[in-house]
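*Asks:* All I have is the shape, not the residue letters:
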């Protein structure tokens, strides 16, 4: 019974996010433009559960290159409004759009010339009428069986905040090295401060073969190592190329059958893959992966020979995070 109900709740919340996807329109682009052109900070405000979601959105923006802070609407009306400048942009959250404490704040912001983005489930609300841009986060229903506790609506608002943050990351060309600067004390920050040679896969753990090996041999190594790729190098460990499981799937999807026992690796490999030097930072590796949309990097030593292999999981901490001693 509990498992069935849990699945139902998750499905309702998934449906809520799907509904928000379908509601996305030009106002989302306008919201992004407002934030991109803001010379100051993003002030996020809301009360109750919306306020909690607002605090999380603010934290995400701060860690990804968009300065922001959370302002409680009641505290704002009792002196904290002094921190708001006309150069700021306000992101106001209220699902109903009729939160009294929040709506009391809006006319004051408007008088100051502050641009406001409303994130609400009611585009015809008081909040929406005061806003310069309205982001709709309306969901079909709450997961709460009473229809009272914010559940699907807060999930949808959180997801929409994440969408804003990620689009801003791309617009600002915010890199992994920038993320590390904002997380000097976090576990991910610590990982990204290490050298590539401290976290790379080495020795017999590397899925490695030679250019004249057959594709069947390469597939065997691919399956055994289960890292999503095979590195191709000659007997002197000079890098020749790479074959990923994606490359293999694309080849197998073609109508022409492959003779895996006769076809050599050199015929299907991608030559000159993206690489990284072993003495660079893990943050540099993550930037390369992000920029070129790859998850695996062959690692070269100072002589330009293969020293190891780096997988995205080694950077983000899935599995064992190893330090060489």
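*Replies:* Right, received. Where do you want to start? Just so it is clear, the model here is predicted, and its values are computed rather than measured.
*Asks:* now the helices for the stretch 201-325 of the chain?
*Replies:* Using DSSP state H, counting those that start in this stretch, the helices of the stretch 201-325 of the chain run over residues 215-225, 245-252, 282-292, 312-316.
*Asks:* list the helices and strands the last one packs on?
*Replies:* The criterion is 3 or more CB pairs under 8 Å, 6 or more residues apart in numbering; DSSP states H and E, and the helices and strands that helix 312-316 contacts are helix 187-192, helix 282-292. Heads up, the C-betas are built off the backbone N, CA and C, glycines and all.
*Asks:* Please identify the deepest-packed of the ones you listed.
*Replies:* Here the criterion is mean neighbour count by mean count of other CB atoms under 10 Å, and of the helices and strands packed on helix 312-316 the winner is helix 282-292, at a mean of 19.
*Asks:* From the chain's centroid, how far away is that one?
*Replies:* Computed by CA atoms, centre = their mean, to the nearest Å, the chain-centroid distance of helix 282-292 equals 14 Å.
*Asks:* circling back to that earlier point, between the helices of the stretch 201-325 of the chain, which one is nearest to residue 16?
*Replies:* Nearest to residue 16, of all the helices of the stretch 201-325 of the chain, is helix 312-316, at 27.8 Å by CB to CB.
*Asks:* What are the structural domain limits within this protein?
*Replies:* According to automatic domain parsing, the chain comprises the domains 2-174, 188-316.
*Asks:* Next, the distance between the ends of the first one.
*Replies:* Read that as domain 2-174. The straight-line separation of the ends of domain 2-174 (CA to CA, to the nearest Å) is 42 Å.
*Asks:* Okay, now the unreliable bits of the stretch 51-200 of the chain?
*Replies:* Confidence mapping of the stretch 51-200 of the chain against pLDDT under 70 gives the ranges 176-191.
*Asks:* Minimum distance to residue 5: which of the helices of the stretch 201-325 of the chain has it?
*Replies:* helix 312-316 (32.5 Å).
*Asks:* any idea of the mean pLDDT in that closest one?
*Replies:* Per-residue pLDDT over helix 312-316 has a mean of 76.
*Asks:* And that helix, how far out from the chain middle?
*Replies:* Distance, centroid of helix 312-316 to centroid of chain: 14 Å (CA atoms, centre = their mean).
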